[in-house]
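Visitor: sequence first, predicted model second:
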Amino acid sequence: MLIYGMQDSGNCYKPCLLLAHLGGGYDWIEVDTLGGESRSEHFRRMNPHGKTPVLELDDGRYLFESNAILCYLADGTPWLPQDRYERARTLAWMFFEQNSLETPVGTLHFWKSVKKDAARHAEEFARRSPQGMAGFATMERHLADSDWFGGERITVADIALYACTHVAAESGYDMMAFPRMQAWLARVAAQPRHVPMERMGRGVP
């Protein structure tokens with residue numbers, strides 16, 4: 001399989017992290033998003049939305065949207081629960097991640113750590129940061145009763161949430177305000193086969 005992605009992207013980190021856990025190999029193709037490569041005619045044939053990541057399957061078909069890729073890769077494994085209710089709860093947290101964290105957390109990280117132009121977006125940082133803190137507060141409340149999101153063990157919901165949450169402090173979020181989330185982040189990072197974000201794109205060790 002091929003993953004078309006961009007270094008330092010939380011969404012691109014998700015399938016790489018899951019494949020590391022699954023022991024599945026992949027090849028990485030770096031996409032110059034800042035240079036407009038993801039908006040080229042060639043790339044839009046793979047993803048009409050013009051964003052990374054994109055997964056190219058062995059038969060030449062393409063999948064886009066990071067959480068859809070996670071569900072495809074995890075299908076038939078313990079990472080996506082077979083129980084109907086637990087699977088729905090896993091999906092609910094993945095929807096939550098895109099609706100409540102992607103814009104206020106993932107976008108701010110992109111502006112600050114990738115584009116290096118946080119100062120130009122100072123007003124947006126001030127507007128979006130409270131939204132991110134509200135999302136983290138929701139996660140903190142959930143973790144009072146459960147170690148994981150979506151089931152009794154780690155699932156793709158945890159990977160989806162971890163991808164942007166574990167670098168949120170780099171964008172100015174006070175993660176020390178959420179002790180349960182700190183413990184959850186440590187649990188995710190302590191899993192066998194876990195690979196840090198900086199190893200993204202290097203296949204499976």
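Guide: Received it, and whenever you're ready, just let me know what you need.
Visitor: now for Arg127, how many residues are close by?
Guide: Other residues within reach of Arg127, judged by other CB atoms under 10 Å, total 11. From N, CA and C alone the C-beta is placed, and that goes for glycine too.
Visitor: wait, a helix at it?
Guide: Yes - membership of Arg127 in a helix is supported by DSSP: H, G, I helix; E, B strand; the rest coil.
Visitor: let me see the confidence value for it.
Guide: pLDDT for Arg127: 74.
Visitor: need the contact list for the nearest residue to Thr90 once chain neighbours are set aside.
Guide: Excluding the flanking residues, the one nearest Thr90 by CB to CB, 6 or more residues apart in numbering is Gly150, at 3.2 Å. By CB atoms under 8 Å, 6 or more residues apart in numbering, the contact set of Gly150 is 81, 86, 89-94, 156-158.
Visitor: just among those residues, which is most surrounded?
Guide: When neighbours are counted by other CB under 10 Å, Val156 leads those with 30 neighbours.
Visitor: quick one: contacts for that residue?
Guide: Counting by CB under 8 Å, 6+ apart, Val156 makes contact with 18, 67, 70-71, 74, 79-80, 90, 94, 150.
Visitor: how does it look with 6 Å?
Guide: Contact analysis of Val156 by CB atoms under 6 Å, 6 or more residues apart in numbering lists 70, 74, 79-80.
Visitor: what of Pro53?
Guide: Going by CB under 6 Å, 6+ apart, Pro53 touches 3, 5, 12, 66.
Visitor: what helix or strand is the first one on?
Guide: The one in question is Ile3. In this structure, Ile3 is located in strand 2-5 according to DSSP states H and E.
Visitor: what's the following helix or strand after that strand?
Guide: Downstream of strand 2-5, the first helix or strand assigned by DSSP H and E is helix 10-22.
Visitor: so what touches that next one?
Guide: Residues outside helix 10-22 that contact it (CB under 6 Å, 6+ apart): 3, 5-6, 26, 52-53, 66, 69-70, 73, 106, 159, 163-164, 193, 195, 197, 200, 204.
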